[in-house]
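> Pasting the sequence and the predicted model now:
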Amino acid sequence: MANSMAPSSKQISAAQLSAIKLCCHRGDNQLFNDISFEVSAGQCLHVTGPNGCGKTSLLRILCGLNQAEGGQVLWQGKAISGNHAFFSSCAYVAHKEGLKNELTAIENLRYYQQLDARRDEVVLDRLLSKMGLLSCADLLAQNLSFGQRRRLSFARLLIANFSLWILDEPFTGIDNSGRELIETLCVEHLEAGGSIIMTHHQSLNDSPLNRYRNELALSKA
Amino acid sequence: MKNTLALYFQREWQLMFRNTSSMIQPLVFFIIIALLFPFSLPAEGALLQKIGGGVIWVSAVLATMLSLESMFHSDYQDGTLEQMLIHPRSLPLAMLGKALAHWTSTGLVLTLFSPILCITFNIPNEQIWVLFSGLLLGTPSLSLIGAIGAALTVTLRRGGVLIAIVILPLYIPILIFGAGMLSQSSQGLEVASQLYALAAILMLSLTLTPFAIAGALRVTIN
């Protein structure tokens, strides 16, 4: 069962994403049932819970990859299914980075830029430099370390103006400087009026994200 | 911003050039299967000439099948498929781009190579063009229809056999019209009706299968 956060009336008016009475099953197991929450602009929703409680399943439902068995997800008041505005505003970084091993770091990023924005090589160089990857721009993705691949998948978030970031365990496999960098990016995003939904197994109490944080605790059924 | 179809088509080509074995394997497989027949049958020119067209068509179908399993597999493994599914760009158009790129690297290459195999089977020159035009119209449908099977089995570890079971029955009409053209033309009859039938199947595949592939992927990944 999951704890649900009752939305206040103030949040409703500013809510970007609302989840209403979501249910999810895996086979015969019920992962969570009847959870509702809202995420407003400038807010970071931290989903916590033990392994296997459905954190990743929840994120996949929120970004539209999976269908919930019950309930619905709304983006600015409209259901996300087939909602072009939602998919244009949402970016999902999962365990699988979405990088092609046969392409170099900059080619991978260029592909996402061509999908989401106008082609601009200066922007790509700036992003790689910001993520500390400029020296490996021309290395094939298969030759990058796990942490470097994670950094590259984060660079994708900055290519276009996504207002909702959905991050699944964003700090896994990343060194301290990388973590600081990602936290800074997240804070900048939240300050600019974006929203973040993330799972992370450690507490965010000591993180700069703590100020913006709202917690949703899932527990094993 | 760049057109979705062109973007996915170009990306597939870029990936294929980095991984050339995926292009060469179907062609080599096609040639080997077709060449096994002249070696294993009695050395009668008339017999080979009679069965040559059918053998080349069956080899083309099997070579296409061989390459289908890998069509979405690496995209699924590295997470790019999930990113495609939640992207606001049209998924059917993206899938059409992918399937057409698959055809240019398998079906088109096999078609271009087929006249050389025809010589091995002692097929007369005027019939080589009949076979060539049939393959040119038929092989894109093989890639487009096959992509539905590849999409349905993308999450399975050994989906190849299942693709064959799902897709081979759907290939039968193409095979009948394609191979039928040769026997018809060897009797001096017109082959226009078969060509029209292959063109009609291609038009249906071009317009309908992208939606089926996209739907199959959404269901499978969910």
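Happy to help now that I have it. Numbering: from 1, shown residues only, chains lettered A, B, ... in the order given.

> what's around B:G178, how many residues?
Counted by other CB atoms under 10 Å in any protein chain shown, the residues lying close to B:G178 total 32. C-beta coordinates here come from the backbone N, C-alpha and C atoms, glycine included.

> Against which helices or strands is the helix or strand harbouring it packed?
Using DSSP states H and E, B:G178 maps to helix B:160-186. Applying 3 or more CB pairs under 8 Å, 6 or more residues apart in numbering or on different chains; DSSP states H and E, one finds that helix B:160-186 contacts helix B:45-68, helix B:125-152, helix B:192-221.

> For chain B, what lies in contact range of chain A?
Within chain B, the positions lying close to chain A (CB under 8 Å from any CB of the partner chain) are B:1-2, B:7, B:11, B:14-15, B:18-19, B:74, B:77-80, B:82-83, B:85-89, B:221-222.

> The residues you listed, buried ones only, as a PyMOL selection?
Typed into PyMOL, the line below selects the buried ones among the residues of chain B next to chain A, using 16 or more other CB atoms under 10 Å in any protein chain shown:
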select buried, chain B and resi 7+11+15+74+78+79+80+82+83+85+86+87+89+221
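
> gap between the residue lying closest to A:T184 once chain neighbours are set aside and chain B?
If the residues on either side of it in the chain are set aside, A:T184 comes closest to A:P208, at 7.4 Å by CB to CB, 6 or more residues apart in numbering or on different chains. Going from A:P208 to chain B by CB to the nearest CB, to the nearest Å gives 28 Å.

> if I read this right, B:T139 contacts B:G107, doesn't it?
Yes - B:T139 lies in contact with B:G107 (CB atoms under 8 Å); the separation is 2.8 Å.

> Quick check: neighbours shared by those two?
Common neighbours of B:T139 and B:G107 are listed as B:A60, B:T64 (criterion: CB atoms under 8 Å, 6 or more residues apart in numbering or on different chains).

> how would you label the residue of chain A at minimum distance from chain B: helix, strand or coil?
Relative to chain B, the nearest point of chain A is A:K96 (2.7 Å; CB to the nearest CB). In three-state terms, and counting by DSSP: H, G, I helix; E, B strand; the rest coil, A:K96 is coil.

> Enumerate every residue touching it.
By CB under 8 Å, 6+ apart, the contact list for A:K96 reads B:Q77, B:D78, B:G79, B:E82.

> Just name the closest of those to chain A, please.
Of all the contacts of A:K96, chain A sits closest to B:G79, with 2.7 Å by CB to the nearest CB.

> Just give the nearest non-adjacent residue to the closest one, would you?
Distance criterion CB to CB, 6+ apart; nearest residue to B:G79, sequence neighbours excluded, is A:K96 at 2.7 Å.

> same thing with B:F29?
Leaving aside its chain neighbours, B:F29 sits nearest to B:A63 (4.8 Å; criterion: CB to CB, 6+ apart).

> Isn't that neighbour up against B:A34?
No - if you go by CB under 8 Å, B:A63 and B:A34 don't touch, sitting 9.2 Å apart.

> Now the residue nearest the centre of chain A: which helix or strand?
For chain A, the residue nearest the mean C-alpha position is A:I166 (1.7 Å; CA atoms, centre = their mean). Taking DSSP H and E as the definition, A:I166 sits inside strand A:164-168.
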